[in-house]
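Participant: Sequence plus predicted model, see below.
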Amino acid sequence: MKERGLYPLKFMPLFKDKIWGGNKVRDLLGVDYSPLERLGELWCLSAVEGDETVVENGFLAECTLKEVLEMYADELVGERNFDRFGEDFPLLIKIIDANDNLSVQVHPDDEYAWNHGMNNGKTEMWYVLQADEDSKIYCGFNQKETKADIINRTRNKNIKEILHYDHAEKGDLYYIPAGTVHAIGKGVLLAEIQQSSDSTFRIYDWDRVDKDGKTRQLHLEEGLKVMDLSAQQETAKCHYHYHLNETTNLIESEYFVTNLMPLTTGLKKDLSNTDTFYIYFCVAGSGFVTCMQEKIPLKAGEVLMIPAIANDVLIEPSNMMEILEVTTL
């Protein structure tokens, strides 16, 4: 199959029902996830084993991202990325609809994950797409705590009293390093960019029960081993300047680089001096991306992966279009 050349790749999404999910992905973004009655997570791009998204367009249709990477290696992701990650794609791209509070949780770092049979740790970022009035984002603690304090507060069901929170608004940006205790609050719709990992330790679930009256499993012992117990007030929320029809850097970390492109007019990008892939993650509106002699439609909830061998890209919004541009250093 490799004798045919690479091209920009669109991927079919994965839809995940969650106890806390809602209908904003359908109602606000226009994504059809029937027959599900609700949606918690839309996995737009994934190479997580057992949850791999597949190519939608072109002759590579129905191939998984990992299969394409195995065939094209550094042509797809760039020499530096292939040397660093091999055939393991490093990122996972999602949209999350919190119709109810997500669990209070924490993720391990790479060292802990690798030492305990997990593929990767999990550092992530959030870009808020919409938030109801009085919706909250929880990140870190509002005071210093000990492990004994956390155990006692979890048993007594009052750990929420020490969680630091912000009132969420559209456009808010958060960077959540591994080890940060966090939760997405009820009423928040957001885009999530993270390491390719589904490793989560749940430490509190708001005393929630399912339709059978059962609670979800907690992982307090594991969570205590990886969480940062220092006060983290306001350290997770990031600030940036919004520039229409320009590329604005949001996050630059060892795990991913994310830029914001809110567009009402066309934008051309020169990629000839780069050696990495680019993911164009549309989070609002629609338009077309022209690259490698292909003109591909792109709308909210979809991603397009630009191979490392591409030289330039032209993005043309149909009206207003907002894209998160994601790559690695």
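Facilitator: Here it is on my side, so go on.
Participant: quick one: the helices in the stretch 1-150 of the chain?
Facilitator: Taking DSSP state H, counting those that start in this stretch, the helices of the stretch 1-150 of the chain run over residues 24-27, 65-72, 74-77, 79-85, 110-115, 147-155.
Participant: Asn273 is nearest to which of those helices?
Facilitator: helix 79-85 (13.4 Å; C-beta to C-beta). (C-beta placed from N, C-alpha, C; glycine too.)
Participant: which strands and helices sit next to the worst-scoring helix or strand of the chain on mean pLDDT?
Facilitator: Across the helices and strands of the chain, mean confidence by mean pLDDT, DSSP states H and E is lowest for helix 147-155: a mean of 91. Identification of packing neighbours for helix 147-155 by 3 or more C-beta pairs under 8 Å, 6 or more residues apart in numbering; DSSP states H and E yields strand 201-204, helix 220-226.
Participant: Pull that helix out as PDB, backbone CA atoms only.
Facilitator: Extracted in PDB, the C-alpha atoms of helix 147-155 (Å, rounded to 0.1, in the frame of the first residue of the first chain):
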ATOM      1  CA  LYS A 147      -2.100  12.300  52.700                       C
ATOM      2  CA  ALA A 148      -3.900  11.700  56.000                       C
ATOM      3  CA  ASP A 149      -6.000  14.800  55.400                       C
ATOM      4  CA  ILE A 150      -7.000  13.500  52.000                       C
ATOM      5  CA  ILE A 151      -7.900  10.100  53.300                       C
ATOM      6  CA  ASN A 152     -10.000  11.500  56.100                       C
ATOM      7  CA  ARG A 153     -11.800  14.000  53.900                       C
ATOM      8  CA  THR A 154     -12.500  11.300  51.300                       C
ATOM      9  CA  ARG A 155     -14.000   9.000  54.000                       C
END
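Participant: Report the buried residues of it.
Facilitator: Within helix 147-155, the residues that qualify as buried are Ile150, Arg153, Thr154, counting by 16 or more other C-beta atoms under 10 Å.
Participant: Nearest to Asn142 among those residues?
Facilitator: Of the buried residues of helix 147-155, the one sitting nearest to Asn142 (C-beta to C-beta) turns out to be Arg153, at 12.4 Å.
Participant: correct me, but that closest one touches Ile159?
Facilitator: Yes. Counting by C-beta atoms under 8 Å, Arg153 touches Ile159, with 4.1 Å between them.
Participant: so where's the stretch 151-300 of the chain uncertain?
Facilitator: Residues of the stretch 151-300 of the chain meeting the criterion pLDDT under 70: 231-235.
Participant: Now do the strands in it.
Facilitator: Secondary structure of the stretch 151-300 of the chain (DSSP state E, counting those that start in this stretch): strands at 163-167, 173-176, 182-184, 188-195, 201-204, 237-238, 248-252, 257-263, 267-270, 278-291, 294-299.
Participant: Could you say which of those strands is packed most deeply?
Facilitator: strand 182-184 (a mean of 25; mean count of other C-beta atoms under 10 Å).
Participant: Can I get the strands of the stretch 151-300 of the chain in JSON lines including distance to Glu70?
Facilitator: Below are the strands of the stretch 151-300 of the chain laid out as JSON lines (distance: least, C-beta to C-beta, whole Å):
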{"stretch": "strand 163-167", "distance to Glu70": "42"}
{"stretch": "strand 173-176", "distance to Glu70": "31"}
{"stretch": "strand 182-184", "distance to Glu70": "34"}
{"stretch": "strand 188-195", "distance to Glu70": "20"}
{"stretch": "strand 201-204", "distance to Glu70": "31"}
{"stretch": "strand 237-238", "distance to Glu70": "35"}
{"stretch": "strand 248-252", "distance to Glu70": "29"}
{"stretch": "strand 257-263", "distance to Glu70": "24"}
{"stretch": "strand 267-270", "distance to Glu70": "28"}
{"stretch": "strand 278-291", "distance to Glu70": "19"}
{"stretch": "strand 294-299", "distance to Glu70": "22"}
